[in-house]
Structures are given as C-alpha cells and as structure tokens.
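Peer 1: Sharing a sequence plus its predicted fold:
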There are 2 protein chains.
Amino acid sequence: MMKIALGQMEIVPGRPDLNCETMLCMIAQAKAQQVDIIIFPEMAIPGYMLGDTWEQNAYLRDCEYWGNKIINASDTICIIFGNVAVDWTKRGDDGRVRKYNACFTAYQGRLWGEDNYPYPFRIKTLLPNYREFDDTRHFYCTRKLAIELGVPIKDLLQPVRVEISDKTLILGCIVCEDGWSDDYSVNPVQLIAEKGQLNLLINISCSPFTLGKNNKRHRVFSHQAQQIAAPLLYVNNVGLQNNGKTVYSFDGCSTVYNSQGEIFTQSAAFTAELAVVNLDDKNNGPIAMLDDSGIDSIYKALRFGIAGFLQAIGMEKVVIGLSGGIDSAVSAALFSTILPPDKLLLVNLPSRYNSQTTKSLAQDLATRLGSWYGTVPIQQSVDLTTSQVSDIAVTNKNGDKLALALSPFMLENVQARDRSSRVLASLAAAFGGGFTCNANKSESTVGYATLYGDQSGFLAPLADLWKHQVYGLGRYLNETVFNQEIIPEGIFRIVPSAELSPNQAVDEGKGDPIIYPYHDYLFRAFMEHWNRATPEDILNWYLNGTLEKNIGCEPGLMARIFPEPKDFINDLERWWRLYTGMAVAKRIQAPPVLAVSRRAYGFDHREAQNQPYFTFVYLEMKKKLLHQ
Amino acid sequence: MMKIALGQMEIVPGRPDLNCETMLCMIAQAKAQQVDIIIFPEMAIPGYMLGDTWEQNAYLRDCEYWGNKIINASDTICIIFGNVAVDWTKRGDDGRVRKYNACFTAYQGRLWGEDNYPYPFRIKTLLPNYREFDDTRHFYCTRKLAIELGVPIKDLLQPVRVEISDKTLILGCIVCEDGWSDDYSVNPVQLIAEKGQLNLLINISCSPFTLGKNNKRHRVFSHQAQQIAAPLLYVNNVGLQNNGKTVYSFDGCSTVYNSQGEIFTQSAAFTAELAVVNLDDKNNGPIAMLDDSGIDSIYKALRFGIAGFLQAIGMEKVVIGLSGGIDSAVSAALFSTILPPDKLLLVNLPSRYNSQTTKSLAQDLATRLGSWYGTVPIQQSVDLTTSQVSDIAVTNKNGDKLALALSPFMLENVQARDRSSRVLASLAAAFGGGFTCNANKSESTVGYATLYGDQSGFLAPLADLWKHQVYGLGRYLNETVFNQEIIPEGIFRIVPSAELSPNQAVDEGKGDPIIYPYHDYLFRAFMEHWNRATPEDILNWYLNGTLEKNIGCEPGLMARIFPEPKDFINDLERWWRLYTGMAVAKRIQAPPVLAVSRRAYGFDHREAQNQPYFTFVYLEMKKKLLHQ
C-alpha cells in the first residue's frame, strides 16, 4: 500500500529560505504518517514569477543550497519537488549560465533519474510564453537541448526509476505545461509513456487561478490519465505571485486522478494543505470536479488575492475613496471582509458636482460596514488650482504674456487628481496605509479614468472585472457573503457616473458614455478573445448579423443602440481609438491589477504606445457600408 | 557591376500602410538609379515592437496585403525585405496561427527561395528573448521547425538563389540576431555558408540603439564577413518603437563590409536614407567605424528619441517643472533643442523650503532658454492639505473619533505630489501639452522620488542616465550643443537636493542621501551588469578589495565613505532593500523611459513586487565580518 502526500504549500516568491522551511515542515508531517512519496509544486524553492531575479547567480546558488536541504531530508521518504536547476558548465541563449525549470526526485539522500538522462533531474519540456508566462526568457527547454546534443527529442523524454521498499517505481515526472501539449508539436506525456507502463504520472505545477481553468484542466488531465492507464497526480501551490503589473493568485486544487481518469481526491482551493492519499484505498472517489467558473470563484480569488497582497507588501491599513457608486462600494465591501473596521478608512470627497444622493449612499454604506468614515470636500482646492492656472504670470524674454485657463473638461481631471493625489495619498500616509484604485476593466480598456486621479492607488483589485461582473460581485456580497443589504440597493440602481460635471448629474439620469450592456462585450472581444477582435472582425460580424452572438451580448441590442450604420461605425472607432491610443498611455502608469480572467491588463496584455490603426479591409468595408 | 541600395527607412510601428508607402517611394528612387537589389530592414512592413498586436489575425492579413504590394513592385528590381510571414495552416505553441519573423526575396513579381526550403521566404532562426526582446512569444523559430519536421537543423539553413541579369546569385539572407550567434548552439551563418560560396550575406535588422552597440557589432560582423569571404550588408531602420514602459530609438547605421571585413560604406545614425552602393567600386572604403559609446551618442539618441516620441503621440507643447537643480535643467535644455521657445513652458513651483538660490537659478536658466516661464507657489495648497488631514472628522458607528496628522516626511511627499499632480498636470492641460518626468536612473533605482509627484509625467527622458551622466550631458549641452553657458554654472555646483525639508537646505550644503560617486556605480552593478550583482557579490568584492575595480568607481572611495564595515553593510542593505522593495512599486507606475543604456527600466528590467532578499551566503559573510 503506497501512501502519497500532496504538498500543496504556499510558495513565497523570492524566498527560498522560507519555502524550504515550509517544505521541511510538511516533510516531517508526512514522515510521521509513514508516507512513501511527497510531492511539491513546480519551483517550490525559488518561486516562479521573479522577473529577472534569475539573472542573479547568487540567487541561483542560494536555490541550490536550500534545494540540497530538501534532498538531505529524503532519507526515508521520496521527495519530488520543483526547483531551478543550474548547469554551471553551459550557457543559455542569452549567454548567461544555463538554467532549467526542473523536477527533482530525491530519495535516500540522493537524486534519482540519471541512469537514462543527461541530468539527475527532469527538465520542463514545454515552456509557456503566452499570457503572463515568460519561461523561455530564462530557461532552456528540451527541444533546444535535443538540437544541441544532436539526439531525437524522444530520447530526452524518459521516466524516472526509483526503488522504494524493494519495488521499482516507474514515474513520469513532468512540469505543468508539459501536461498541456495540445498546441505543441511535442507531446511529452506520450513520449514518456512510450518507454513502458508508468506507475504514476506526476505533474508538478505552479498554475495561477484563471476563471474556469480547472474545468479545462479536468478535461485534459482526465483524458491523459486514461490514455496512459495510470494515476495522475497534479500538485499545485497556493499563494500570490506577481510580475509587477499583474498579480496572480494560485489556487492549489491539487488533484489525484485514478487510471480511469476519475477524480480520486482533490485539495481545497486557496488553502495550503498536506493531503495524504492512499491510492489503493477503494473508499476514495470518484468525486466531482469543483467548478471554478462562477462568481463565487471570483470572490474567493479576489479576497485571497487582496489579503495576500496586503500581507506581501506589509500593509495593514487601507483608505478607500467612496463615491457612492458601485465600484468603490464593492471595493469597500470586499476589503471589509479582510480588514477589521478600525483598519479601514472610507472617505467621501465631494466637489460641487456631487449629488446629495451619492453622498448619502456613501455614508450609508460606511455606516453599514462599521469602519472609519470621513468627508473631505475638494472644491476649495479645485478653485485654488483653477485660479492659480489663470493667474500665473507666464512671460518670455520679450515680455510677452501667455494666458492660460482650464476648460470644463480639464476641470473634470483636476477634480479626479485632487481626490487621489492630494487627499487620498495624504490621508493614506497619515492613516499608515495605502489607498485603492477602484477602476473596473471596462474603464481601464478605454482609459475612462484620470491619470494620477481615480486611476491611481496601490492596487486595482477590480480592474480585471467588467462592469457587469462588478455588479454581480456586489449582489453576491450582499446575498451570499454578508447575507444582508450591506451595499445599499440605491447604489445598484443609480446610473453609473463620474459626477465631474453638470453633464454627469445622476439625479437627472446622466452618467458614463460607456453603454455597458454592449461595450463590456465589445471590449472583451478586443481584449480577451484568444484571436483578438479588431474593428475589421467586429464590422464583419455586424454586417453578417452575427455580432451579438460572437461577442456574447444581448440579442437585439445593436438595432436599439444604433439607428444607423454610421452611428455604429462612429462608436466602434471612438472606442478602438481610445483602447489602442490614450488608454495605453494611462495603463503604462496604472497600478497592479489583480488577475482573475483569461487575460488581465499588464504583463498578460503587452502593448506599445503606437497609433490606433484600421486595416485596409476595414476601411474598404466601411466605405462600402456608408456609401451604399 | 552590381548596384545595391540600402533602404534605411523610418519604420512606423503598427502602420503597415505608411511603411509600404515609404518603401515604394524608396523602390522608385532605386529603380531610377538602375539599382539591382534594394534591401529593407527586419519587419519593415509591420514594425517590430507591437506588444500583442500579433494576436490580431486582421493585422496579420493586413501585413500580407501591404507586403504583396512590395512583391508586385519587384518587376525590374530585386527587393529583400522583412515582414511577418503567416502559415495559416499551422499553429504556434500558443495555439494561435503560426507566425515567422521572415525575410522575403522578391524579383520579377514573385518570391524566390522555395527550391531548397519549405517556404518562399527565410525565417529568423535565433529569436532573442533577453533584454527588451520578446520574439519567442510570437514567432516560431527554425529549431522548433526542425523538430516538427523531423529534419536536421542544417537542412533548414539554406541560401536563396535568385537569377538577376542571367546571373545566379547565392544570397545568405538572415535576420538580425541570426548574425549574433555567439551564445547559441546553432550558428546560422556558418550553416548557410557550408552550402557553398555566398555572393552576399544580407542581414536585415531592426536593432535599437544601445550605447556602444555598433562597436560590438563591428567586431562581430567584420569577423563574419572574413569567415565567409563575402560582402556582408547590414541594413537597419531608424525611428522610434516602444513596448509601453520603455522607448527605443533605432539608429540605422546600415553598413556594408567587404569580404575582408572592412567597412565599405556606412549610413548615417538616426537619419532615414537610401544609400546606393556599387560593390565593385574600388574607390569606396575602407572607412573607420563611427564610435557610438560617448556622450555625443547619448545626446543624439535622446534628442532623436524625444522628438520622435512627441511626434508619435502628437504632442507639440511641453511643460517642465524647473527646480533649479541639474536634472530639470538638462531636461529643459534638451527640449529647447527640439521645440521652439513658444511651445515650451518652464515653471518653478516653490514651497517654503525652496531657497532663493535655486529659485534664481531656475529663472536664470529660463531666461537663457528664452521660453515661457512662470512661478506657481504651492505652499497655500500644501497648508490646505495639511489642515484638511488634521481637521477631517473621522468617526465610526460607535462615535469614536480618529485623529490624523502629517509627519514632516509625509509633508515632503505632499509637496512633490502637489507640484506634479495638481499644478503641472493642470498647467500642461491648459497649455495643450504634457509635462515631463525629470527623474534620473540613480533615483529610479531606489525610488528616491514621489509617486504621483516628481515621478510622474508623460515621458522620463533622463531615466536611463546615472546622475554623473546627467552632469556630463549638461556639460556637453553647454560646451558642444549651445557653445555657451546655457545651463548656469551654479546649477552644476549646487548640492543635489530635493529641497522638501530643512534637512535639505542647499545653502547649508545639505542634500540627497545618495552619494553619487559610489552609489551610481553600485546601482549600476545591481541593475546593468549582465550577471546581476547582489549584496553577496558586493560584499565579497568589498572583502577581497576588488569592489571599486569591479563596479568601476573611484579608487579609495570605500575607505573615505565608510569608516567601519558596519557602515558599509548598513548602506548596502538600505539601498538593496529600496531597489528590490518600494522602488519596484514605484516603477510599476512610472512613466515610459527613453532607453540608451544596455539595460533601461521597464520591459528590459522585468521585476516582481516581492520582498527584499539576502542569500544565505551573504548573511553568513556578514555575520563573520561584523563579529570578527
């Protein structure tokens, strides 16, 4: 009877010392339970998202040092774990020392697997280089190694043989992406399995949460287990890692599949835990897959992500500017589930354009949440700025005078900047914490926010949610999390508005220029579709009547919103220009985004500050449409 | 007699239509001069730094459309050019359509080269994935193709045969990095040359300016031409491209080497030009390499970069906050070489801590530059913020009251934010332009700047220069560019200071905590060294007496600055913590940086907001040092 432990640990990126400590602790627990094999995630020692820390040789040596401690702890237990492997005698394509993203199999104080392989570890064959992943920048892969050694790639895909209790186990040891080979010309699992029947396929992963990811993982891995007719053990970490612009939560959900592809056990989401599994136990499984595509998963990921981010940067207090609208309300309600009331300061910052309606809603929400609340009017400062700009004596050496003045549009931005950069930043400092950016993904897409104004903050926790998802999360908070009307119903009902001018008067039903029921979906097609939609695709779908279906918005919407084709065209071009123009400049200086979707802004949405562009085919289609 | 034209064009990234137009114009000029072959740079049609625009199939089709126009223009001239090549029948590793970074050889209205190769174009074999390069994210390379097709990689490195005027030319057609194979296990030039004597080796490039790059390129390419005993033609573009956070200027400097490795001709730096070369002309060359490692190259690159960036984003007017210090002075002087005086507004923004000395220096500089000048005091607004923070009635539902106040340190940041986010941003809007961020690289490294304060702006033109380079550039501007004391001598002599508190009083010689003669070089070792220095390396060098030599600072400095080892340790840890800690958070929201060095902040310095870390070896060395 073989006992296996899944070490679903929290990995602290960039802290090999702490990670080693966590692992040694789990190893001790597993030994106490007579576990035969304990498995830890990919890059368990160093962490995964480290930027260019991989270019520090001292860091690499340090990872080896802490990795050796794990190997030394393998006297009576087989330990399979991820770490960076360094070949100090070779170079990578960048001329730096050769690094591999590797899986180590340690037992009886030494590494196993060198009998049929150039190294005493296995290297990751498929290095993801899409979305937020950057593996190819730092690590050498099996394809390159095969070319270099002049051997067929199949020769480099070998199982690991390890003798435990007089029994030789044949283990397929792969790293994360190696199990997701659909789009690659190389299938590592198949090539390893061709070498003979595996006893176990072990996939060590460091796989960030993405809405619906585990549903897809289940289809792929379940099929894989059946194909190789062996149990598949997927071990993933929990915790938070980031690449600067984008923050990822890791959901764990480590899973054991039996050789029929059924789920035998699965670990909890977003919780560090050591699960001990007896593969021969007939009482286990099959159990159902935990769905991770709903609003409850968004809530869990955000809450876990916010809490983890605060902890990672050592922030214990937060200030939130409360406008009376839905975004800041959801933000405040979310943070209130993490911070005690005395660590949360909510502030309303009215100018002359803010309605009594929203001021009351903000106060009402703050009262319900029970945290600190105050009001800081900004009109006096805005007026001072206005007069300073008008009154400044600007001259040149000829004695000419330059007259300057702020237009109503500029005054909107002055208000937004005054709130964030002048008041919230100062309040946050005095309170001893940071202030949030409450922008949502719809606004971020088209830059409907002011730089150094409402776009600023230490974290943008909602910036990966479309506006309709923010509303959905608000409902979920009231109905499921708080089980009461914490966010006042009025906040759901009021028209979304920035309230920065008379044209945005909520009591007259005036608000944002974004028509969320359409634009949420249009922007998602621009931004999230795997093959990104451009005006050419959108116009093509509009013309052949498939637009609403293809972008997923409500049927019949186009006809209601756009009486004439030219209205449709003007709207499309307006937002495309913003998305690929000014909004890029704003996103370059935006705060980190907490990722939940298949594509978040930041490192998963690389972009250049170039000119908006329309393809030749688009321009021809448009010409034909408007002149017909 | 063969005539060859080097089409050193300006590539506008993301504008295939404009680039095609530029190329057709150069092609017409070349035809008028009876040119046989015209060569354009890598990715001449689409541009190179496009972020994830490569994921838009409509954009790819558009590039094919405009590329076909070039092929059609090849009736009487052979055109070699870079474009994206799409294999619509295959997929890349990300599951999207297969893309290659390709070199096309067109003549007589069709493509050549399919007789010995799977495609009628050549693909880039070596895809750089270090520094700012991201090729592997989007493009499939020869190594992967060889694995997929199951052929040796040498079979896929073939010359292009093209028949021009009844003569068969054997051309080696490679793309940029293919000529820089030192660190790769594959040498494309050698493998192509093994197929038979080449008539020409053509390297189409899209290679950004880096200080000293051409010196290195000359060594590598000169050697290469000798090895293959054939002329080598390097064609590079000019213009500006960016990846959001970092802006690169492209220097051109297209060069023809003869088969002895001597420079036959070279095109100008930072200038679009069509050079027609007769390779048989005995009167040409050899000429000397243009050096690009000095302050004049920094000046040219920055001036070209700033002008190009303004043009690219359509900005015609600029506001610069003038402190009386060196950074803003150099920034203002630089912009004055680009913008006419009436498009440049200089503003001094004094609080109570600004000395008469710096106020006078700022005014003096503005007078010498002749642009618009004004003064906007910020003390009133800073006092308002101070009182609003103290006076705000913060309560909770229990009726408790929270008292808040700004400390002297917080007040420093309040002043900085007031200047940028409140005043400069508003003035820039009213003036009709943007405002600059004048941060230098030393400050950026350790976050010695205020977020939404002096760290903000539309562009940070000096953020890739160490403080001593800023001074050097200031001297160069006075001595060489203006040939007069445009930047007053007092600005060079005054102690560098933020003037945000009594502790930074310049007239008392008080200023920045950064000791530039040492820290400039320490930070450079952290940041620019190819194998990044960490405290472990630095301490090791300190202990064995090689620190000053290894980081390149003045000998004898350590002993003068740090009386005791513990002073050295405290200093080292202080800046390392900032560099890898708070400064990361600030850089995430920093403006785009104009790159000149071998590594600029932004996309060439990927980083995560993790905890500062000290390796085990460092901690042991430190313990030993302090306890001995």
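Peer 2: The structure has been received and is ready for your questions.
Peer 1: Any residues of the stretch 251-400 of chain A in contact with chain B? List them.
Peer 2: A:312-313, A:341-342, A:345, A:347, A:367, A:370-376, A:380-381, A:384-385, A:388-389, A:392-397 (CB under 8 Å from any CB of the partner chain). All C-beta atoms are positioned from the backbone trio N, CA, C, and that covers glycine.
Peer 1: Which among those count as buried?
Peer 2: Among these, those classed as buried by 16 or more other CB atoms under 10 Å in any protein chain shown are A:312-313, A:341, A:345, A:347, A:370-376, A:381, A:385, A:388-389, A:392, A:394, A:396.
Peer 1: mind listing what the closest residue to residue A:364 other than its chain neighbours touches?
Peer 2: Nearest residue to residue A:364, sequence neighbours excluded (CB to CB, 6 or more residues apart in numbering or on different chains): residue A:488, at 5.0 Å. Taking CB atoms under 8 Å, 6 or more residues apart in numbering or on different chains as the criterion, residue A:488 is in contact with A:329, A:361, A:364, A:365, A:368.
Peer 1: and if we set it to 6 Å?
Peer 2: Shown in contact with residue A:488 (CB atoms under 6 Å, 6 or more residues apart in numbering or on different chains): A:361, A:364, A:365.
Peer 1: quick one: it and chain B, what's the gap?
Peer 2: As judged by CB to the nearest CB, to the nearest Å, residue A:488 and chain B stand 15 Å apart.
Peer 1: how near is that residue to residue A:329?
Peer 2: 8 Å (CB to CB, to the nearest Å).
Peer 1: overlap in contacts of the two?
Peer 2: Shared contacts of residue A:488 and residue A:329, counting by CB under 6 Å, 6+ apart, come down to residue A:365.
Peer 1: Measure how buried the closest residue to residue A:187 other than its chain neighbours is and give me the count.
Peer 2: Spatial nearest neighbour of residue A:187, chain neighbours left out: residue A:181 (4.6 Å); criterion: CB to CB, 6+ apart. Number of residues near residue A:181 (other CB atoms under 10 Å in any protein chain shown) recorded here: 20.
Peer 1: Pull up the gap between the residue nearest to residue A:364 and residue A:324, please.
Peer 2: Separation of residue A:488 from residue A:324 (CB to CB): 9 Å.
Peer 1: do residue A:363 as well
Peer 2: From residue A:363 across to residue A:324, the span is 9 Å (CB to CB).
Peer 1: between those two, who's got more neighbours?
Peer 2: residue A:324 (27 against 17).
Peer 1: surely that one meets residue A:358?
Peer 2: Yes: Residue A:324 lies in contact with residue A:358 (CB atoms under 6 Å); the separation is 2.8 Å.
Peer 1: what's the helix or strand for residue A:58?
Peer 2: According to DSSP states H and E, residue A:58 maps onto helix A:57-72.
Peer 1: What helices and strands are in contact with that helix?
Peer 2: helix A:16-32, strand A:78-91 (3 or more CB pairs under 6 Å, 6 or more residues apart in numbering or on different chains; DSSP states H and E).
Peer 1: could you redo the last one with a cut-off of 7 Å?
Peer 2: With contacts taken as 3 or more CB pairs under 7 Å, 6 or more residues apart in numbering or on different chains; DSSP states H and E, helix A:57-72 sits against helix A:16-32, strand A:78-91, strand A:97-107, helix B:616-627.
Peer 1: so can I have JSON lines of the ones you listed showing mean pLDDT, mean neighbour count and distance to residue B:44?
Peer 2: Below are these laid out as JSON lines (pLDDT from 0 to 100; neighbours: other CB atoms under 10 Å in any protein chain shown; distance: least, CB to CB, whole Å):
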{"stretch": "helix A:16-32", "mean pLDDT": "98", "mean neighbour count": "18", "distance to residue B:44": "46"}
{"stretch": "strand A:78-91", "mean pLDDT": "98", "mean neighbour count": "21", "distance to residue B:44": "32"}
{"stretch": "strand A:97-107", "mean pLDDT": "98", "mean neighbour count": "24", "distance to residue B:44": "34"}
{"stretch": "helix B:616-627", "mean pLDDT": "97", "mean neighbour count": "14", "distance to residue B:44": "48"}
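Peer 1: which residues of chain A score low on pLDDT?
Peer 2: For chain A, the stretches flagged by pLDDT under 70 are A:1.
Peer 1: can you list the domains in it?
Peer 2: Using automatic domain parsing, the domain parsing of chain A gives A:3-291, A:294-511, A:515-628.
Peer 1: Report how many residues lie close to the closest residue to residue A:169 other than its chain neighbours.
Peer 2: Setting aside the residues directly before and after it, residue A:169 is nearest to residue A:199 in space (CB to CB, 6+ apart), at 4.8 Å. When neighbours are counted by other CB under 10 Å, residue A:199 registers 18.
Peer 1: Please identify the residues of the stretch 401-550 of chain A in proximity to chain B?
Peer 2: Where the stretch 401-550 of chain A comes near chain B, counting by CB under 7 Å from any CB of the partner chain, the residues are A:402, A:404-406, A:410, A:413-414, A:417-418, A:421-423, A:425-427, A:429-431, A:452, A:456, A:530-532, A:534, A:536-537.
Peer 1: gap between the two ends of stretch A:515-535?
Peer 2: With CA to CA, to the nearest Å as the measure, stretch A:515-535 spans 18 Å from end to end.
Peer 1: So what's the gap between the helix or strand harbouring residue A:442 and the chain middle?
Peer 2: Per DSSP H and E, residue A:442 falls inside helix A:441-446. Helix A:441-446 has its C-alpha centroid displaced from the chain centroid by 16 Å (CA atoms, centre = their mean, to the nearest Å).
Peer 1: which helices and strands sit right next to it?
Peer 2: Judged by 3+ CB pairs under 7 Å, 6+ apart, helix A:441-446 is in contact with helix A:516-527, helix A:565-580, helix A:582-588.
Peer 1: need those in TSV with mean neighbour count and distance to residue A:221, can you?
Peer 2: Below are the helices and strands packed on helix A:441-446 laid out as TSV (neighbours: other CB atoms under 10 Å in any protein chain shown; distance: least, CB to CB, whole Å):
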stretch	mean neighbour count	distance to residue A:221
helix A:516-527	21	28
helix A:565-580	17	36
helix A:582-588	21	35
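Peer 1: Residue A:606: which of those helices is closest?
Peer 2: Nearest of the helices and strands packed on helix A:441-446 to residue A:606, taken as CB to CB: helix A:582-588 at 10.7 Å.
Peer 1: Quick one: residues contacting residue A:147.
Peer 2: Shown in contact with residue A:147 (CB atoms under 7 Å, 6 or more residues apart in numbering or on different chains): B:143, B:146, B:153, B:185, B:186.
Peer 1: now do residue A:159
Peer 2: A:170, A:171, A:172, A:192, A:195, A:198.
Peer 1: before we move on, the earlier item: now which of the residues of the stretch 401-550 of chain A next to chain B would you call buried?
Peer 2: By 16+ other CB under 10 Å, those give A:402, A:404, A:406, A:410, A:413-414, A:417-418, A:421-423, A:425-427, A:429-431, A:452, A:456, A:532, A:534, A:536-537 as buried.
Peer 1: Just the ones in helices from the residues you listed, please.
Peer 2: A:410, A:413, A:414, A:417, A:425, A:426, A:427, A:429, A:430, A:431, A:536, A:537 (DSSP state H).
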